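Asker: pasting the sequence and the predicted model now:
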Amino acid sequence: MRIIGVTGPSGAGKGALCELLKKRGIVCIDADAVYHSLLVPPSECLDALKSAFGESVFYPDGSLDRARLSQLVFASPEKLELLNSTVLG
């Protein structure tokens, strides 16, 4: 068995390539979709993020404010490490 990672910036054609692979019977796992499914309330991932970063990275409805979280973590190497250790274990 071979495992191949498809990476690249938004709009690079990752999705199109994966659709072609799926048509040929190749299993593809969309890591973005998996991640987004972990962010649907209620979730342990959201609870961990709330414990690590507080209410400021959440909307009033309990969903994650990804833009706010990214502002915090990409401005601070320490907060980026906190994010990675929180969601990756």
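Answerer: Okay, I see it. Numbers count the residues shown, from 1 in each chain.
Asker: how many other residues sit next to residue 53?
Answerer: Using other C-beta atoms under 10 Å, residue 53 is surrounded by 19 other residues. No exception for glycine: its C-beta is placed from N, CA and C like everyone else's.
Asker: quick check: longest helix of the protein.
Answerer: helix 77-88 (DSSP state H).
Asker: check which residues of that helix are buried.
Answerer: 79, 82, 83 (16 or more other C-beta atoms under 10 Å).
Asker: surely the second one meets residue 49?
Answerer: No. The criterion here is C-beta atoms under 8 Å, and residue 82 misses it with residue 49 at 9.8 Å.
Asker: how close does residue 32 sit to residue 76?
Answerer: To residue 76, residue 32 is 24 Å away according to C-beta to C-beta, to the nearest Å.
Asker: those two: who's more crowded?
Answerer: Legend: neighbour count by other C-beta under 10 Å for residue 32 and residue 76, higher for residue 76 (12 against 9).
Asker: any idea how far residue 59 is from the more buried one?
Answerer: 22 Å.
Asker: element containing the nearest residue to residue 86 once chain neighbours are set aside?
Answerer: Ranked by C-beta to C-beta, 6 or more residues apart in numbering and with sequence neighbours excluded, the top spatial neighbour of residue 86 is residue 52, at 4.6 Å. Using DSSP states H and E, residue 52 maps to helix 44-53.
Asker: swap in residue 62?
Answerer: Using DSSP H and E, residue 62 sits in no helix or strand.
Asker: in the protein, which helix or strand is least confident?
Answerer: helix 31-38 (a mean of 86; mean pLDDT, DSSP states H and E).
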